[in-house]
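Peer 1: Okay, sequence plus prediction incoming.
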Amino acid sequence: MRRLILPFYLILLIITSCEHPLIPEQDVIGGDADGNLVVSVFQIEQQSFATPFTRTSITDYCQRLNFAVYDTAGKLIKQVNQKTGDASYGTVAFRIDPGTYQVVVVGHSSSGNPTMTNPQKIRFDNKDGYSDTFLHNAIIQVTDDKETTIDADLHRIVSLCRVVFTDAIPEGVTQMRFQYKGGSGAFDAATGLGSVNSTQKETFAVEPGQQSCSFDLYTFLHDTEGTLHLQVTAYNDNETIVKDREFDVPLKQRMITKLTGPYFSGSDGSTITIIIGINAEWEGEQTIEFQ
């Protein structure tokens, strides 16, 4: 009787081909071709679209969309990540068994996708940056007898601290680094509030002589109001600190707080003046002036 001897690499290939992946498939632009659950972005804040979505309108707000489906235990079972330019941007289909599920849609413009393994800790990382972020969260029931369609209505969940220098960038300064605590780089999909204590970091390139520099810092507050402890540091080409200042900045969810003043020529303290105004796209804006 002849014995069949298989090379090791062929045995390994046969074994691995029979295994099921532990992580749901991601980056499938349109999802499952035979999906029975269809999710479409229908509205962002008050910007409603006549059809399920208008590409030119949605890209004004979000460069990326992340769709996720969780079972009742909070386990991620399906995820699709999209970015502008994808043919099906704004719509995705999933093939799932009948049952109760949590559906989460996140819209943002960070350079990478958030970690969505846990719906209570959907996390962005410092390396990808932070941006204006919108959320849709729903508990839905999928049945055998018909296709389930969701028109996702996304709402803003971040707070924005906009730092504006009223003096020019001096000679030798090439980078501004912002490190802040008090908010979160992750949020709970059920509430839209921050869910971990984070040290968030953003770095911006600058040039000497630049006037009225503006820097946008986003965070997820742990409640509807909170305070950021912000460290602002100027560096030269040799990574040497040129100037360092710290501020405590009160924020409100879904509002812009503008922190403005002479960073380089001012004092090391901050004189707080709060002016409440209205921003057409946000719920409001407050200005904090420092000296």
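Peer 2: Happy to help now that I have it.
Peer 1: wait, what's in contact with Met250?
Peer 2: Quick fix: residue 250 reads Pro, not Met. Applying CB atoms under 8 Å, 6 or more residues apart in numbering to Pro250 gives the contacts 225-227, 257, 274, 286, 288. In short, each C-beta sits where N, CA and C put it, glycine included.
Peer 1: Give the buried subset of those residues as a ChimeraX selection command.
Peer 2: Remark: buried members of those, expressed as a ChimeraX selection using 16 or more other CB atoms under 10 Å:
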select :226,257,286,288
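Peer 1: so of the contacts of Pro250, which ones are in strands?
Peer 2: Under the assignment DSSP state E, these contribute 225-227, 257, 274, 286, 288 to strands.
Peer 1: returning to what we had before: from the contacts of Pro250, which one has the minimum pLDDT?
Peer 2: Comparing pLDDT over those, the lowest score belongs to Ile274 (43).
Peer 1: isn't Ile96 right up against Tyr70?
Peer 2: No - Ile96 is beyond contact range of Tyr70, at 10.8 Å (criterion: CB atoms under 8 Å).
Peer 1: between the two, what contacts are shared?
Peer 2: Joint contacts of Ile96 and Tyr70 (CB under 8 Å, 6+ apart) are Ile77.
Peer 1: what are the ranges of the strands in the stretch 1-150 of the chain?
Peer 2: For the stretch 1-150 of the chain, the strands defined by DSSP state E, counting those that start in this stretch cover 37-44, 47-48, 64-70, 76-83, 91-94, 99-108, 122-123, 134-142, 148-156.
Peer 1: Ile96 and Tyr70: who's more crowded?
Peer 2: Tyr70 (22 against 16; other CB atoms under 10 Å).
Peer 1: Give me the nearest residue to the more buried one, chain neighbours excluded.
Peer 2: In space, and not counting its chain neighbours, Tyr70 is closest to Gln102: 4.3 Å by CB to CB, 6 or more residues apart in numbering.
Peer 1: Could you give the number of residues near the one you found?
Peer 2: Around Gln102 there are 19 residues (other CB under 10 Å).
Peer 1: Next, find the distance separating it from Lys127.
Peer 2: Separation of Gln102 from Lys127 (CB to CB, to the nearest Å): 27 Å.
Peer 1: what's the answer for Phe290, then?
Peer 2: For Phe290, the distance to Lys127 (CB to CB) stands at 29 Å.
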